[in-house]
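Asker: Got a predicted structure here, sequence first:
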Amino acid sequence: MSYLSKICKPIDRPIICTITGDAGTGKTTLAATFPNPIFIRAEDGLQAIKQDDRPDAFPLLSDAEEIWKQLAALINEENDYKTVVIDSVTQLETMFADYVVSTDPKKPRTLAQAVGGYGAGQVAVAAMHGRVRKAAQMLNELGKHVVFIAHSDVSTIEPPDDDPYTRYDLRLHKKSMTHYVDNVDLVAYLKLETFTMGDGDKKRAIYSGNRIVTCYSSAAQVSKNRYGINEDIKVDIGVNPFIDYIKSLNN
């Protein structure tokens, strides 16, 4: 049989995405609008959702090793969950760093000294994030959506051919961040819709009462998508803002 006979048009599959934004913008609430979700919790963001509306969740992670057991259960044991949410990969970064330091037989004091130093500790942390991303791929192949939640932070970008500028990044080391930006279908930056009022030094930000999500490429924040979305989307409580853009969310 010719190898060319294997050629076909790829079909739509469940989404793997990252939701990021400042504290209190509703990242966990947004993630809960994905189809029939189960939460893996490195932090307890579900308290923001009313008790009657809260999705199912594993117990809070007690340490870094616990996440592998929870992911393995979802991969290997039959279940009806359609979405796996990891809340948050930012807190996982802290857990992974603690694990790398605590399991180093030389008993280093900091991550910078771990695994022999010279950045090897951070490489080990990034490798653990890589395991999470690999598990996400396995879940996706089982027909599940995967949502990573990450806190945002401001960083300075220094392009070689232009002036430096600031943007909102994921609050992760750059070696870890690549797993949740480069090889995902969508990175959504969730923010409060604000307007500035006043003149000169007396300008102040006014919150409109709305939340919006940006998932197209922009210099202001890390954001992207593979679905042709090129505009900000208003976010209504309890409604998934991507439902009209991503076919797999309707299956």
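Answerer: Here it is on my side, so go on.
Asker: only C-alpha atoms for contact and neighbour calcs from this point on.
Answerer: Will do.
Asker: For the helix or strand containing residue 139, give the mean pLDDT please.
Answerer: Using DSSP states H and E, residue 139 maps to helix 120-141. Here helix 120-141 scores 97 as its mean pLDDT.
Asker: That helix: which residues count as buried?
Answerer: Under the neighbour-count criterion of 16 or more other C-alpha atoms under 10 Å, helix 120-141 has 121-122, 124-130, 132-133, 135-140 buried.
Asker: neighbouring contacts of that helix?
Answerer: Helix 120-141 is contacted from outside by 13-16, 71, 74-75, 93, 96-97, 100-101, 111-115, 145-146, 173, 175-176, 179-180, using C-alpha atoms under 8 Å, 6 or more residues apart in numbering.
Asker: mind checking how far residue 23 is from residue 105?
Answerer: According to C-alpha to C-alpha, to the nearest Å, residue 23 and residue 105 sit 36 Å apart.
Asker: same check, this time on residue 142
Answerer: Distance of residue 142 to residue 105, given as C-alpha to C-alpha: 38 Å.
Asker: any idea where the strands of this structure begin and end?
Answerer: Using DSSP state E, the strands of the chain run over residues 16-21, 37-41, 56-57, 83-87, 145-157, 165-170, 186-197, 204-214, 224-225, 233-235.
Asker: Dump those strands into CSV; add mean pLDDT and mean neighbour count as well.
Answerer: Formatted as CSV, those follow (pLDDT from 0 to 100; neighbours: other C-alpha atoms under 10 Å):
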stretch, mean pLDDT, mean neighbour count
strand 16-21, 97, 26
strand 37-41, 98, 23
strand 56-57, 96, 14
strand 83-87, 97, 26
strand 145-157, 95, 21
strand 165-170, 92, 19
strand 186-197, 86, 19
strand 204-214, 80, 15
strand 224-225, 97, 20
strand 233-235, 95, 16
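Asker: Kindly reformat these as a markdown table and extend each row with distance to residue 67.
Answerer: Formatted as a markdown table, these follow (distance: least, C-alpha to C-alpha, whole Å):
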| stretch | distance to residue 67 |
| --- | --- |
| strand 16-21 | 18 |
| strand 37-41 | 8 |
| strand 56-57 | 13 |
| strand 83-87 | 10 |
| strand 145-157 | 14 |
| strand 165-170 | 21 |
| strand 186-197 | 22 |
| strand 204-214 | 28 |
| strand 224-225 | 27 |
| strand 233-235 | 30 |
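Asker: what's the closest of those strands to residue 250?
Answerer: Residue 250 lies closest, by C-alpha to C-alpha, to one member of the strands of the chain: strand 145-157, at 11.6 Å.
Asker: Just checking: what are the partner strands of that closest one?
Answerer: strand 16-21 (parallel), strand 83-87 (parallel), strand 165-170 (antiparallel) (DSSP bridges).
Asker: roughly how far apart are the residue lying closest to residue 245 once chain neighbours are set aside and residue 102?
Answerer: Distances taken as C-alpha to C-alpha, 6 or more residues apart in numbering place residue 227 nearest to residue 245, at 6.8 Å, with adjacent residues excluded. In this view, residue 227 and residue 102 are 42 Å apart by C-alpha to C-alpha.
Asker: try residue 132
Answerer: Separation of residue 132 from residue 102 (C-alpha to C-alpha) stands at 20 Å.
Asker: hang on, the earlier thing: residue 50: which of the strands paired with strand 145-157 is closest?
Answerer: That would be strand 83-87 among the strands paired with strand 145-157, by C-alpha to C-alpha, at 17.2 Å.
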